[in-house]
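[1] Quick check, what structure comes out for this input:
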Amino acid sequence: MTSGAKKDIRPIGKHFDVQSLAADFESVPALLQDDPVLIRRGAFFDARFQVGIGEIPFDVEIKVGRICSFQRGPFLMRAWQFALRGTLDAWSRYWCPIPEPGWHDLFAMMKRGQMVLEGDLRPAIANLQYLKDLLALPRRLPAR
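    Below you'll find the predicted structure:
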């Protein structure tokens, strides 16, 4: 390594254990219930989508900004409008209280190849800020 080259210093997120990350994501319905501003922001958002935390899929259904169905997979042939899947590293870093640059945003992680958004993107893009804020709710959890 030359003297002018930067080392790749990768901050470690809260944890990398798939079960811990899945447990953090399972707290989203309760965290959303305590955030009336976010619920109001999603007032016109109705969608069924899948979130992948590593290999664990979650089926999430939103109606009028509220989670009406939230189930942990695996599922056999479950229908969804769009899916957002990320690596354990991506979710762990995204859910840090103050994420590092490049790990702070869903699209930044897509650019890194750590996250994938697929399916009918219209409902996701039309309600993008709500979706980003919803998926960032585990940042509010205390560090383990």
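
[2] quick one: contacts for Arg48?
    By C-beta atoms under 8 Å, 6 or more residues apart in numbering, the residues touching Arg48 are 59-62, 69, 79-81. Where you see a C-beta, it was placed from the backbone N, CA and C, and this is true even at glycine.

[3] do that again at 10 Å, thanks
    Shown in contact with Arg48 (C-beta atoms under 10 Å, 6 or more residues apart in numbering): 59-63, 68-69, 78-82, 123.

[4] from the chain's centre, how far out does whichever strand or helix holds Gln19 sit?
    Under the criterion of DSSP states H and E, Gln19 resides in helix 18-25. Distance of helix 18-25 from its chain centroid, counting by C-alpha atoms, centre = their mean, to the nearest Å, is 11 Å.

[5] now swap in stretch 48-58 and tell me
    9 Å.

[6] end to end, how far does that stretch reach?
    Taking C-alpha to C-alpha, to the nearest Å as the measure, stretch 48-58 stretches 11 Å from start to finish.

[7] Would you reformat the contacts of Arg48 as JSON lines and include secondary structure and pLDDT?
    Compiled in JSON lines, the contacts of Arg48 are given as follows (DSSP: H, G, I helix; E, B strand; the rest coil; pLDDT from 0 to 100):
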{"residue": "Asp59", "secondary structure": "strand", "pLDDT": "97"}
{"residue": "Val60", "secondary structure": "strand", "pLDDT": "97"}
{"residue": "Glu61", "secondary structure": "strand", "pLDDT": "97"}
{"residue": "Ile62", "secondary structure": "strand", "pLDDT": "97"}
{"residue": "Lys63", "secondary structure": "strand", "pLDDT": "97"}
{"residue": "Cys68", "secondary structure": "strand", "pLDDT": "96"}
{"residue": "Ser69", "secondary structure": "strand", "pLDDT": "95"}
{"residue": "Arg78", "secondary structure": "coil", "pLDDT": "88"}
{"residue": "Ala79", "secondary structure": "coil", "pLDDT": "93"}
{"residue": "Trp80", "secondary structure": "coil", "pLDDT": "95"}
{"residue": "Gln81", "secondary structure": "coil", "pLDDT": "97"}
{"residue": "Phe82", "secondary structure": "strand", "pLDDT": "97"}
{"residue": "Pro123", "secondary structure": "helix", "pLDDT": "95"}
